[in-house]
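Colleague: sharing a sequence plus its predicted fold:
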Amino acid sequence: MNTATSCFLRTPEDAAGEDVLALMEALRGTPFAKKIGCRLADVPANTAHSLHGLLAMHTFLLDAYLEQHPDSGLRQPPMDELQAAAHIIDRQFRAETFRELRHLAETRGRYMPSCYVVRLYDWDADMGRLQKMRGRLDGPACADNPQQVQQLRERIWKTENRMVREAERILESDPEIPLRQTYIEKLDAELQTLGWLARFPERIDDSRINRQLLDKYRILPGISPAEQYGQVEKAFRELDARLIRMTGRQPYADDLFEFLRQKGPKPEKHAQEIVPVRKESTDPQAPGRRIKR
């Protein structure tokens, strides 16, 4: 969201405030707005002014408010204005949207996206559940109930992981989106953890293992070792392929799992050894996605 907009217009409640409604009406009545046109449906998204972007975001958030408060007495924006607002916002706030998605992915879902991003990707229900569960986690009911705390945390992880997987899919599906080095490093660290679990699958059920990471890659605790190993291998190969597309480096999966097949079961005394997943160059001139440092 651009600086002018983010200062005072971030939530549906902001958009429905009396001061903001009066400001939007005043802006539409200025000579400049009349000159460039203040009806969004008449403005091509690719030539829209930043003022149109402000009006579009207000239209979008006001509609969100009216969905939550249909009896507010405020006038519903016309459908053609809403559609035009969506096109203008997508064009003008695209970079900010991707920044929010990257932040969400890099923080494993702990970042709270803006109302616009939540509605854009239909995360309203997930965000509502997250806020309620996080509130319960800090509430008195969980103070002396470790089992309830663990159950709540697992539900929170699953909800966060759904949003993170979707954010990663969006970011990696568009070759025009530059991916930050921190994003690549986060995925590479997860690949190394998966590699370690492939080498020592008996550690999957260890309580010290990051359960949210296992859930993200759909590795289930409490099932047979053979099934767990298959899930780890599948997760490693899929993530390895993603990193190949993003960086252009050589694949690791075939060498790793061929090595493990030849080596057989690993002695317990080597349990702290980490599978050596070497760092490859992610310079822009290498094949693969552009990396933003």
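Modeller: Nice, thanks for sending it over.
Colleague: contacts only, for the residue nearest the centre of the chain.
Modeller: Closest residue to the average C-alpha location of the chain: residue 167 at 3.4 Å, with CA atoms, centre = their mean. Residues in contact with residue 167, defined by CB atoms under 8 Å, 6 or more residues apart in numbering, are 101, 102, 104, 105. No exception for glycine: its C-beta is placed from N, CA and C like everyone else's.
Colleague: ok, now which ones touch residue 83?
Modeller: residue 41.
Colleague: so it lies in a helix, does it not?
Modeller: Yes: assessed with DSSP: H, G, I helix; E, B strand; the rest coil, residue 83 lies in a helix.
Colleague: how near is it to residue 145?
Modeller: 48 Å (CB to CB, to the nearest Å).
Colleague: please name every helix or strand in contact with the helix or strand containing residue 237.
Modeller: Per DSSP states H and E: residue 237 is located in helix 225-247. Counting contacts by 3 or more CB pairs under 8 Å, 6 or more residues apart in numbering; DSSP states H and E, helix 225-247 is packed against helix 146-173, helix 181-199, helix 253-263.
Colleague: just the ones you listed: most buried one?
Modeller: Neighbour counts (mean count of other CB atoms under 10 Å) averaged over each of these peak at helix 181-199, with a mean of 19.
Colleague: and that helix with helix 225-247, angle?
Modeller: 150 degrees (axes from the mean of the first three to the mean of the last three CA atoms, to 10 degrees).
Colleague: determine how far helix 181-199 lies from the middle of the whole chain.
Modeller: Chain-centre distance of helix 181-199: 18 Å, with CA atoms, centre = their mean, to the nearest Å.
Colleague: quick one: list the elements packing against it.
Modeller: Using 3+ CB pairs under 8 Å, 6+ apart, helix 181-199 sits against helix 94-106, helix 211-216, helix 225-247, helix 253-263, strand 291-292.
Colleague: CA-only coordinates of that helix in PDB, if you can.
Modeller: C-alpha atoms of helix 181-199 as PDB (Å, rounded to 0.1, in the frame of the first residue of the first chain):
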ATOM      1  CA  GLN A 181      17.500 -13.800  -0.900                       C
ATOM      2  CA  THR A 182      15.900 -14.300   2.500                       C
ATOM      3  CA  TYR A 183      13.000 -16.200   1.000                       C
ATOM      4  CA  ILE A 184      15.400 -18.500  -0.800                       C
ATOM      5  CA  GLU A 185      17.500 -19.000   2.400                       C
ATOM      6  CA  LYS A 186      14.300 -19.900   4.400                       C
ATOM      7  CA  LEU A 187      13.400 -22.600   1.900                       C
ATOM      8  CA  ASP A 188      16.900 -23.900   1.700                       C
ATOM      9  CA  ALA A 189      17.000 -24.200   5.500                       C
ATOM     10  CA  GLU A 190      13.800 -26.200   5.400                       C
ATOM     11  CA  LEU A 191      15.300 -28.400   2.700                       C
ATOM     12  CA  GLN A 192      18.200 -29.100   4.900                       C
ATOM     13  CA  THR A 193      15.900 -30.100   7.700                       C
ATOM     14  CA  LEU A 194      14.000 -32.500   5.400                       C
ATOM     15  CA  GLY A 195      17.400 -33.900   4.300                       C
ATOM     16  CA  TRP A 196      18.300 -34.500   7.900                       C
ATOM     17  CA  LEU A 197      15.000 -36.300   8.500                       C
ATOM     18  CA  ALA A 198      15.500 -38.400   5.400                       C
ATOM     19  CA  ARG A 199      18.800 -39.500   6.900                       C
END
